[in-house]
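In: only geometry, no sequence info:
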């Protein structure tokens, strides 16, 4: 059974995993634990991008509007607007680009505050997607995890880890955060693989919102620079547009659309969590699971679930 084969890929990679694959232009589908809620990590940023581009297409905001982002507004993160030393003037559209291409957390939080997390939830609900849990900004999530581990906020935790002597004490603090309730599905941003795959399928079919909005989201997902996961399972002649997500030492995800040279397209979501705390899932595990799933769909095209 194909489900057992994919479960075996995850087990061999020392991780729990869920996978959902859908033929974009046909009925083929495959789900392995796809209905189970999992930590979304940065793959949830697809939903923020969708709401932003929909509001722009519907005339509620101007994507070219320029905003100034101060270092004082920076969220936890190691790239883009998270690490600037001076105020940056940038268009909202390019804020979205930073969110989707380099997974900039500060950019994400700028957009969440602008479009409203309740509006994001309402749009997903209106599309029939109930497998999402979106509590708010990325900074809120980081602070929640730190508080659940006994610290005042994320910055306080990071300072304590950095200053810990010996270093093993700092590692123990970090592991406490990783295993805190704030890092569990349903507390941090979470989703099911089934709804993630169905959402990107709808985007690729112009069914998730105005065609202009879907087109803009597809284009920016195709520009992602963190493409080391699903894509590892395929050759250079296969196109992958995706949004990845990682929680250091625990979660590794990728969600997107794979297009083959013959034009057949498949939406796929692979969500994993390491079974060994602190040991990240190898990227090639996600790529292998994706390849096995899509090889099956391209050969059989049957509908299966587990």
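Out: Good, I have the coordinates. Keep in mind that this is a model prediction, so the values were computed, not measured. Numbers count the residues shown, from 1 in each chain.
In: from here on, contacts and neighbour counts on C-alpha atoms
Out: Fine.
In: pLDDT below threshold where in the stretch 201-306 of the chain?
Out: For the stretch 201-306 of the chain, the stretches flagged by pLDDT under 70 are 226-227, 301-306.
In: which stretches in it count as helices?
Out: Under the criterion DSSP state H, counting those that start in this stretch, the stretch 201-306 of the chain contains helices at 211-221, 283-300.
In: right, and those helices - which one's nearest residue 177?
Out: Residue 177 lies closest, by Cα to Cα, to one member of those: helix 283-300, at 23.0 Å.
In: what's the closest of the helices of the stretch 201-306 of the chain to residue 171?
Out: Nearest to residue 171, of all these, is helix 283-300, at 23.5 Å by Cα to Cα.
In: packing partners for that closest one?
Out: Secondary-structure packing of helix 283-300 (3 or more Cα pairs under 8 Å, 6 or more residues apart in numbering; DSSP states H and E): helix 2-12, strand 15-23, strand 29-32, strand 251-259, strand 265-274.
In: now the helices of the stretch 201-306 of the chain as CSV including distance to residue 243 and mean neighbour count?
Out: Below are the helices of the stretch 201-306 of the chain laid out as CSV (distance: least, Cα to Cα, whole Å; neighbours: other Cα atoms under 10 Å):
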stretch, distance to residue 243, mean neighbour count
helix 211-221, 6, 20
helix 283-300, 13, 19
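In: turn these into CSV, columns for distance to residue 32.
Out: Output for those, formatted as CSV (distance: least, Cα to Cα, whole Å):
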stretch, distance to residue 32
helix 211-221, 24
helix 283-300, 10
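In: check contacts around the residue nearest to the spatial centre of the chain.
Out: Central residue of the chain (Cα atoms, centre = their mean): residue 43, 0.8 Å from the mean position. Residues near residue 43 by Cα atoms under 8 Å, 6 or more residues apart in numbering: 243, 244, 245, 253, 254, 255.
In: in the sheet, who's paired with the fifth one?
Out: When assigned by DSSP bridges, residue 254 has beta-bridge partners residue 244, residue 270.
In: how close does it sit to residue 152?
Out: Distance, residue 254 to residue 152, using Cα to Cα, to the nearest Å: 31 Å.
In: who's more crowded, those two?
Out: Between residue 254 and residue 152, counting by other Cα atoms under 10 Å, residue 254 is the more crowded of the two (31 against 13).
In: what's opposite the residue nearest to residue 33 when sequence neighbours are not counted in the beta bridge?
Out: Among residues not flanking residue 33 along the chain, residue 18 sits closest, at 4.9 Å (Cα to Cα, 6 or more residues apart in numbering). Legend: beta-bridge partners of residue 18 under DSSP bridges are residue 271.
In: residue 110: helix or strand, and which one exactly?
Out: Using DSSP states H and E, residue 110 sits in helix 105-115.
In: residue 238 is nearest to which of the helices of the stretch 201-306 of the chain?
Out: Judged by Cα to Cα, the one of those that comes nearest to residue 238 is helix 283-300, at 11.0 Å.
In: next one: the closest one to chain centre, how far?
Out: 19 Å (Cα atoms, centre = their mean, to the nearest Å).
In: and the contacts of that helix?
Out: Residues from elsewhere that reach helix 283-300 (Cα under 8 Å, 6+ apart): 2, 6, 9-10, 13, 19, 21, 23, 28-30, 228-234, 252-254, 266, 268, 270, 272.
In: the closest residue to the residue nearest to the centre of the chain other than its chain neighbours: neighbouring residues, count only.
Out: Spatially, and ignoring its direct neighbours in sequence, residue 43 is nearest to residue 245 (5.1 Å; Cα to Cα, 6+ apart). Look at residue 245: counted by other Cα under 10 Å, it has 21 neighbours.
In: and the one 3 residues further on, by the same measure?
Out: Counted with other Cα under 10 Å, the neighbours of residue 248 add up to 14.
In: OK, contacts around the nearest residue to it once chain neighbours are set aside?
Out: Among residues not flanking residue 248 along the chain, residue 280 sits closest, at 6.8 Å (Cα to Cα, 6+ apart). Residue 280 makes contact with 248, 249, 250, 251, 252, 274 under the criterion Cα under 8 Å, 6+ apart.
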